[in-house]
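[1] sequence unavailable; structure follows:
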Ligand code: HEM
């Protein structure tokens, strides 16, 4: 692998780590936010959620995708026949759906509308961990 490719991969992994920091923490904030009865407390969560989404989560998602797609283009001839890659991309599609639903929840909660219970947010919070386990095993072990 060329040094250039390895730099792209390093930046891809940095993006992944930052994206997941936010994917793990934002739904945790939803859990606490939805259980907060007072307006001042809820307003504080709104600021935290908005900052976390706009400053960390969205930019790191863009970096992960851009550098991942760049590697895909560079190594396409080898990747096209790799089964693990297609399943990984399905996992990434699920992650993007999750990401966009989080963005929707940030704006609903900003309007003091919480469409779900605290228990729902606790379960919702576990989804990125499952996708992380799946995707990392696929890219490192490359089982098929
Ligand atoms: C559009 C989204 C993505 C694309 C196109 C993409 C593509 C790629 C490609 C082509 C590689 C290089 C594989 C190799 O050289 O063998 C790679 C490496 C990697 N990707 Fe992604 N990726 C994406 C999203 C993600 C996500 C969401 C995660 C984490 C959950 C992730 C985790 C990793 C890791 C850990 C590696 C390093 C594997 C290694 O070489 O040991 N990627 N990605």
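    Nice, I can see it. Everything numeric in this text was worked out from a predicted model, so none of it was measured.
[2] is the ligand within reach of stretch 118-133?
    Yes. Using C-beta under 6 Å from any ligand atom, stretch 118-133 comes into contact with the ligand via residue 132. In this view, the C-beta of every residue, glycine as well, is placed from N, C-alpha and C.
[3] so for that stretch, mean pLDDT?
    Taken as a whole, stretch 118-133 carries a mean pLDDT of 98.
[4] now the end-to-end length of it.
    In stretch 118-133, first residue to last residue: 25 Å (C-alpha to C-alpha, to the nearest Å).
[5] what does it contact?
    Outside of stretch 118-133, the residues within contact range by C-beta atoms under 8 Å, 6 or more residues apart in numbering are 20, 23-24, 27-28, 30-31, 34-35, 91, 94-95, 98, 116.
[6] and residue 29, how many neighbours?
    Using other C-beta atoms under 10 Å, residue 29 has 20 other residues around it.
[7] just residue 3 next, same as before
    Around residue 3 there are 7 other residues, counting by other C-beta under 10 Å.
[8] thank you kindly, that will do.
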